[in-house]
Structure formats: C-alpha cells, structure tokens
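Student: Okay, sequence plus prediction incoming.
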Amino acid sequence: MKKNTSKFVATVAGALMATAAAAETELTVYTAVEAEDLARYAEEFNAVHPDIKINWVRDSTGIITAKLLAERDNPQADVVWGLAATSLLLLKSEDMLEPYAPVGVEKLDPKFVDSGDVPSWVGMDAWVASVCYNTVEAEKAGLTPPTSWKDLTDAQYQGHVIMPNPNSSGTGFLDVSSWLQLFGEEGGWEYMDALHGNIARYTHSGSKPCKLAAAGEIPIGISFAFRGAKSKAAGAPLEIIVPSEGVGWDMEATAIVAGTANQEAAQKLVDFSVTKEANEMYNVGYAVVAMPGVAKPVEHFPDGLLDAMIENDFEFAANNRAAILKEWQSRYDGKSEPKE
Amino acid sequence: MTDTTSLPAGPLIKGKLSRDDLIMRGGMMVIALYLVVTLAFPLWAMLSKSFSTYRIELSQYEFQVSDDNGVFSGTILNGTQLNTETGAYTDQELSTGSDGRLSVTPFFPDFSFRSPVMYKIRNTVPDGRFLIGSNLQKGTDWVELDSNTFRRVQLRPIKATGVENFANYFSTPALFNSVKNSIWIAIVSTIITVTLAFWFAYALNRSCMRFTGMFRLVAMAPILVPSLLPGIALVYLFGNQGMLKELLFGASIYGPIGIVIGSVFFTFPHAFLIISTALAISDARLYEAASSLRSTPWRTFWTVTIPGARYGLISAAFVVFNLVITDFGLPKVIGGQFNVLAVDIYKQVIGQQNFEMGAVVSVVLVVPAILAFAIDRLVQSKQVALLSARSVPYRPKPHPKTDRIMLIYCSMVALFIVGMLAVCQFAALIKFWPYDLSLSLNNYQFDKMDGGGWGSYFNSIKMALLTAVIGTSIIFFGAYLVEKSNGFKTGRALFQMFAMLPMAIPGMVLGLAYIFFFNNPSNPLNAIYGTMAILVICSVTHFYTVSHLTAVTALKQMDTEFESVSASLKQPTMKLFARVTVPVCLPAILDISIYLFVNAMTTVSAVVFLYSPKTTLASIAVLNMDDAGDIAPAAAMGMMIFYTNAAARILHLIASKGILSRTQAWRSR
C-alpha cells in the first residue's frame, strides 16, 4: 500500500515537472492598477512575450503595500507592476526590491526613474491631484469656483469640501505632502488648519471625494484628475479644477521583488514596462506617462495639468511619512465635525 | 482530574474506560484542539504583537566627523553619547513604529549641509540598519558621506518588547477619543433598541393585535443583511441629496446620528428575539392576583411584567451593546469624522500598515466586549424557571383601543425596517442618483467595480455553504461529546469555557489575530493563509458560541438513558449518535446551519483582513465599492445578499417542514 502511494506521488510529481518545463514561465504580479485595465496590460505584454504568463494579484494601494510588507520575510510576488512610487520607496528602504536597469530606461523622463545607481524601480505614469467641482450643487449653494488651494480656505466653502484621510488614502497623503512642500513645513500646517475648518469630512479612499462630488453629495471633492475625468465622462456635472499653486502627484511604478525565482522573466516584464508601446498603453487612462512625447491628451482632462505638477520630493515624502501622519492625526483626526 | 467527593480518603475507584469512552474523549480532544488552534493561539499571537515595539537603538551607531578639510581625526562618537551631550531626542521620541525613522543631523549642532565637513557612520552590530536617502545600509563598514548626503541619513528602529504601544495609544487624543465615542454610541443605541424591541415584543406577545406572524417576519429581516446596508440606506435617505434630508433639520447624518439609527436597525432582531422569548411565557396567576388586589394596569406592568422579563431585558441590552461596540461596517460607511474603535483598527492596519497599533486597539476593544459578555453570562445564570408545573399560561385578552395603538406602533417599526431595505433596492436600480432617475441595471455590472465583481458573490455563497456544513458538523459533534460523555469533568468544563469564548471576541479582532498567527512563515498552517479554508475556519470559530448553545439546549432535552440503554445493548455510541441523536435533534441542526449560512454571508468584520484576491466576498465587495464611492452598486450587492439569505431561509423552512414531518412524527401523538 505504502509503496503504491509513493509511486503515485512520484508519477504525479514527474508529470507536474514535465508540464512546468514544457509550459510558460508564470509570474506573480502585484498591482494596484484599476481592475478593468489589467486584461489589456497582460494582452499587450503577451503579444511580445507569449511564453510568460501573468498571474495578477490586485487590490488597492494601501492593501497591496500592507501585503508586501507583511510578506517581507517570505515574498510571494515576483514583480510589482503598477504601485505608488512612495510605496515602492518604503519597500526599497526595507531592501525588498532587486535593482535593475531595464533596457531603454534612458528614454524615460529622469523624474520617473529611481535615483539609485541601478534604479530599484521605474515609473509608468502619474496620477495627479485635482479638485472635482460640482457646478450644479455649487450654484445651488451660491459658491464661486475656487482657482487655488488657498481659495479653498475661504469662509464660503465651509462644510462644502471633502478630502481623503491621508492615514488611509495614498491620494490624501500626496495632497498633504504636496502642501508641505509648496507652503513649507509651517505654512503647510497653517494652510491645513484653515482648510480643516471647511472640510465636511475625511473619506477613507482617494476616489470617493470625487465620486461624492459627482453624485452631488458635496459640491467640492479633493481627489485626482483621472477619477474626475471618468465621472465627467459618465455624465456628472463636474468641473475639474487644477489649483494654481501647483498640484501634488504620485506615480505608478514597476519593480522586481528581491528573491524572485524567475529573475529572467521578471526582467523581461520590466523591460517591456518602459517601452513606447507600454507607455502608449498607460496613456489610455493617464494623461501623464513616463516617456516624454508619447502622451496624447485624454478626454475630459483639464488643461495645464502637466505644468502644474510640482517638483515632488518622493524621498521627503517616504522618509517623513510616519511623522507627517502622526502630526496630521493629532491635529485633525477624531475631532467632531466642524459646526455648520 | 481527581474526583472531589467529600468521602474519606480511600482507594480511588475509577471506572474502566471503555473503547467508546476513549473514542469520545479523543473526539473531544480533537475539537478542543481545533478551538485552541483557531482561537487561543491566534489571540495569544495578537496579544504578544501588541507588546512588540520598535525602538531606535542609538548605541548601535558610531560616527566620525572630519575637520573643514575633510581629514578625520579618528575620534569615534557613539550615538547614545551624542544624544546625551546634545539632548537632541527624548527617550519617548526613540520609541517608534515599524516605519519609524530618525534624522541624525540634530546630533551635530554645527551641522550645515553646505559645509565641507565630511562624516562617517557605521553600524556597530551586523544587523543594525540605517538609510541613506532610501537605500538601506547594513553591515559594520564605515560609510563616508559629505554634509549634503549626511543630512539624508535616517536611522531605522529595531524590534523590542514593552508597553510603549499602549502608552502611545493612550497619549494620542485622537485614538483615545474613540474609546469614549464607542462606549457612548453603544449605550445610546442599546437604550433605544431595547426600548423599541421591548414594546414590539410586548405587542406581539401580550396583545390581541392582528398580523403578528407578518410582524415577526419583518422584525427578523435585518439579520439577513450586512450591517453596512442600513448605512447606505441612510445616505440615500438623509445624505446631502437625501430624499428625507429635511427631517434632520440641517444636522448631518454622517456621524453619531447615522451610527445610532443604523445600529438600531441591525441590532433590532437580536434584541427582539431575546425579549420576545422572555415575554412569551408568563404566569397568569400573577396577573389575576394583581387584578384582585385592584392594582392599576400601570402598576401591574411595573410590578409583574417588567420583573418577569428583567433577565431578558438585561441580556438583550448586553447583546446589543456588544454588537454595536464591535461593529465595523456601519461606522465605516456613515460614521464621518466620528471615530470608533473598530474603524480605528481598520485604519491602523489597512491605512498605515501599523499592525502593532492595530493589535493594541484590538486589546482595548476586547475589554468592554468581554465585560459585557461576562455580565450577560452572570445574569443568565441567575435566571430561574418562571413556569412551574402549577403555572397557568397567560393569555392576553382583547383590548380594542390598546390593540389598535399597538398595531400602529408595530406598523411604524415595520415601515422603518422595510423602508430601509426598499430604499437600498430603489437606489440600486437608479441610473445616476440624483441627476438621472431613469431605471437601469448598470449598478449590477459588478465586474466593472472594485471588490471582485460577481465572482465575489459566488465566493460568498460557496463560503457560506462550506461554513454551514463544516461548522454544523464540528459544533454539533463537539456539543454531543461534551454533553453526553461520562466523567472527565475538568476537560468538559474547560471545553465549555472554550466554546463560550468566541462570543466575546469581536470579529475584527479575530481576523487580525488570524493574520498574526497564520501569516507567519514558520507556522506549519501558513499554507491556508489567503485561501477559502481560512475564511471558513474563521467564520466557524467566530459564530461558534451561539451554535454550540443551540446544540447543547437540544441535546439537554434528550434523556441520558438513551446512552445507558445503548451501552447495555452493547451498541457503539457512534451508532446511537447517527441513528438516534442526529435524527431527533434535526430541527436544532437545521437551525445551526441556517444561522451559520446567514452570518457567513453577511459578516464583514471577521474576514476583512483575511480575504485574498482569489477569495473576495460579497459583503467585502459592498464595503469596498462604498469605499471607492460606488454607493449604488454597493446597495445592489447588499440587496443580493439579502435575497440570497431570504431564499436560504425559505428553503430552510420548506426543508425543515418536510424533514420534520418525517422524522419528528413522534413528537406529536
């Protein structure tokens, strides 16, 4: 009986090994890219590399980051394709990324490439903060459209603004870190103190403020441009406002996870991720991509968004993240809603 | 294990263990082991995590400073020593989270990033860590840096153990505020729910009102939906674009008001069930005595009715309190800026990846939950039989006026419950609230939204079925073993205690504890992490207690003589179990399985940390879609859960009727 079992196991194992050798390499790819885009990305990649199969593991930025950090000692992913650069910097500072300079990396805007000698990650596209402004509801409330961040602290907007909580939302954090960079440490907190008086509430996710503005639940939602353009396309009476001081942004980026067993296939994927084809592919949803000269205007995107993007210091954002969030929490979190 | 009889010491007489006894004890051990592995170990892992801190160990770093020409004198400065000299950081600043960083320039008062002074830094121990920019430096080699690069050096913490997390928690006003908020919300909701449920139950049991069957059905409906759903309904009713927003007179639904209304909705059935049971039985002789003493109805109510139902009332109050304080879905949807403990756990873990602080909040949340649970148990143990053999069951007499008032009251409560569900269904069918009110099925295209699409709905059904089947088998068998085996008193008492524990552990806490325990590469059970198995195990454990109690109650009704008879006929116990016990207890078994099914469909808190991209669930999809701002699809998915549970309930009813008529014929003569 026992002999039979072991024989059976041997046969099965042999069969499995044989199929593995004959079949394609499989890559486990962690991503925070919108679910509807994933099939398209995999298809384009497989047109070039039909022998590499992508197994997507998709979730929101916060959850994927938490998952990667939790698996620090036992990584499950081969590649991260499409995760916030600030998250990848966290992983880099934990020594979890395998530095690799993909073929053709020099063609990318240097802003989109990790500053290490051998880059640990390369950027794909940028998502940019914007203000979603519901014209119908604003008119009902008798508001005038704001044009700058400072405008939003005006008394007329009291209780009419929603923004994401930076403690749970990547978009919220990029807003806060951009204000600290734009207005300086002290000025930034002063600005947020004033803004806090106008905020109706802080949401958990970054896209919700814009969706709430689209649904007329609130006139003004601080969110990101991509979300606003989508809601506008769906027929919401939205105006996407780019504040004049400049807007914060973060990028989606690609990296190889240290310790992967499929180094070669992983490198091929990262090589592909910086090609012109890939950048054109990102351009379908994102107005700003890593390779200069590729991006075509995306429908409903506000003008002048590219110029408004600030010189973002990702290292500042990543290294001060814990301290900024703690300060933010002690100032604004858990207080009761502002009085109407 | 020793017998504690008061007889004088003599040789202990121990019955020889038969093969049957051994099998039963073995079985009990196996199920007890299951509870230990799925409950005690994870909770222990969580507790130890809450004491795991991160600290920047300054003594692990050494520095050298050059003169203006970049020449080093060779003087080595230690981090601790530098900090004592400069007083740059307080001790509290050195204890930090896993993501903590510490800048080194404050150690050098003369530091300027423009100066030509060079710096050297190294770890004194091989596993020391610091960052230059975002590059991690390990090993003990000296690294030489110019001033401008040196300011980018950040020290990283190492693991330590201590109570700093708790100190940190209680000194952060935002976090500590949640404790007050949670307790306050729970108390207010409890008072309202218990009052409403009491009068509802009173009307159904003590008046001659019509339509009691229908009201009973409606009152149970909220149990079939996730607790997030009332939150979504409230957004549509009282949000800024709400249909009835004027009723709030400018107050915002996002916050305590919303949480309380929603909590009343989803805890109502629980309170109603308990109070209704308490009111169902009453001794008519007491009322006769009251009326012959010419007591006013009001006085009778306070001296006879309320005291008779007091245990039910207290029990209902603690159950509701526990449900509200541990609920996570509702405050997440409608809580606005009003922070509560359960949401804090989520924010710490998912938002900030601060697992240690999540564990701390969990420990804080367990305290009131266990307290409420313990008081409830204590009260229930005091409950004495109200009905004796001489009692005469109380039958209400018709009072046209009171009955009409009761009918109006019950209709209002029923309208509230049905209304909330109807609003959700309505919202799900509207194309783009409030700008395009045409009907469409767009919101059912779940595959275009976050949360896993239709796949998550079918995952949920699969998970609920597995939970029902596996859970019922384990729980009923466990209850049988503990109820019907002989001797082994300590073991059985211990088992009972373990079986009661899950009730006191909030789902959120259990889920987090599972991460700590199962997502540990050195745990041999690590493989189930991220699979359907862990979701099923977590759900079975989470809902163990109520199912166990149901099973025990049913088994207690069976005389132990069955066991004696089967033993004297030399029949194996397992045969008796299969041939007699299971068929007789079939109603209870069906009740347990439907309870597990419905709860597995609606649970959010227990599984929110445990689902993986391949095992997304419908209830989680409701949460995630709402989180992303897709509120209408969230309502649509929530209603899918409702219909599924309602269908399961109806099937259960038909099945029980069919099976009962065949197997329970002996009950009626």
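Tutor: Yes, it's here.

Student: check contacts around the nearest residue to residue B:426 once chain neighbours are set aside.
Tutor: If you skip the residues right next to it in sequence, residue B:426 has residue B:236 as its closest partner in space, 7.8 Å away by CB to CB, 6 or more residues apart in numbering or on different chains. C-beta here means a position set from N, CA and C on the backbone, and glycine is covered the same way. In this structure, residue B:236 makes contact with B:242, B:243, B:423, B:424, B:426, B:427, B:433, B:631, B:635, judged by CB atoms under 8 Å, 6 or more residues apart in numbering or on different chains.

Student: Roughly how far does residue B:319 sit from residue A:109?
Tutor: If you measure residue B:319 against residue A:109 using CB to CB, to the nearest Å, the figure is 60 Å.

Student: So if I had to pick from those two, which one is more boxed in?
Tutor: For the pair residue B:319 and residue A:109, the greater number of neighbours falls to residue B:319 (22 against 14), based on other CB atoms under 10 Å in any protein chain shown.

Student: Helix or strand: which one has that one?
Tutor: Secondary structure assignment for residue B:319, by DSSP states H and E: helix B:306-326.

Student: returning to what we had before: out of the contacts of residue B:236, who's nearest residue A:189?
Tutor: Comparing the contacts of residue B:236 against residue A:189 with CB to CB picks out residue B:631 as the nearest, at 32.5 Å.

Student: what's around the closest one, how many residues?
Tutor: 27.

Student: Mind pulling up the pLDDT for the closest residue to residue B:532 other than its chain neighbours?
Tutor: Across the structure, with CB to CB, 6+ apart as the measure, the residue nearest residue B:532 apart from its sequence neighbours is residue B:615 (5.2 Å). Residue B:615 is assigned 87 on the pLDDT scale.

Student: again with residue A:4
Tutor: On the pLDDT scale, residue A:4 is placed at 49.

Student: again with residue B:377
Tutor: Per-residue confidence for residue B:377 comes out at a pLDDT of 82.

Student: how about the strands of chain B, start to end?
Tutor: When secondary structure is read from DSSP state E, chain B shows strands at B:52-55, B:61-65, B:77-78, B:95-96, B:102-103, B:118-123, B:130-132, B:135-137, B:143-146, B:153-155, B:158-161, B:430-432, B:436-439.

Student: most neighbours per residue, which of those?
Tutor: Each of the strands of chain B was scored by mean neighbour count; the highest is strand B:153-155, a mean of 23, by mean count of other CB atoms under 10 Å in any protein chain shown.

Student: Give the next helix or strand downstream of the helix or strand where residue A:178 lies.
Tutor: Using DSSP H and E, residue A:178 maps to helix A:170-196. Moving toward the C-terminus from helix A:170-196, the next helix or strand (DSSP H and E) is strand A:199-203.

Student: And that next one, how far out from the chain middle?
Tutor: 21 Å (CA atoms, centre = their mean, to the nearest Å).

Student: what's the helix or strand following that strand in contact with?
Tutor: Using DSSP H and E, the helix or strand that follows strand A:199-203 towards the C-terminus is helix A:208-214. Residues outside helix A:208-214 that contact it (CB under 8 Å, 6+ apart) are A:132-134, A:137, A:162-164, A:203, A:218-224, A:227-228, A:231-232, A:234, A:236, A:238, B:627-631.

Student: show me the contacts for residue A:99.
Tutor: Applying CB under 8 Å, 6+ apart to residue A:99 gives the contacts A:116, A:117, A:118, A:119, A:120.

Student: Relative to residue B:453, how far out is the nearest residue to the fourth one once chain neighbours are set aside?
Tutor: Going back to what we said before, that points to residue A:119. Spatial nearest neighbour of residue A:119, excluding adjacent residues (CB to CB, 6+ apart): residue A:113 at 5.0 Å. Applying CB to CB, the value for residue A:113 to residue B:453 is 35 Å.

Student: Point me to the residue of the stretch 301-450 of chain B nearest chain A.
Tutor: Distances between the stretch 301-450 of chain B and chain A by CB to the nearest CB are smallest at residue B:351, namely 3.1 Å.

Student: Export stretch B:589-600 to PDB, keeping only CA atoms.
Tutor: Presented in PDB, the C-alpha positions along stretch B:589-600 are these (Å, rounded to 0.1, in the frame of the first residue of the first chain):
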ATOM      1  CA  ILE B 589     -29.100  21.000  13.400                       C
ATOM      2  CA  LEU B 590     -31.000  22.800  10.700                       C
ATOM      3  CA  ASP B 591     -31.200  25.900  12.800                       C
ATOM      4  CA  ILE B 592     -27.500  25.900  13.400                       C
ATOM      5  CA  SER B 593     -26.700  25.500   9.700                       C
ATOM      6  CA  ILE B 594     -29.000  28.300   8.600                       C
ATOM      7  CA  TYR B 595     -27.600  30.500  11.400                       C
ATOM      8  CA  LEU B 596     -24.100  29.800  10.100                       C
ATOM      9  CA  PHE B 597     -25.000  30.300   6.500                       C
ATOM     10  CA  VAL B 598     -26.700  33.700   7.000                       C
ATOM     11  CA  ASN B 599     -24.000  35.000   9.200                       C
ATOM     12  CA  ALA B 600     -21.200  33.900   6.900                       C
END
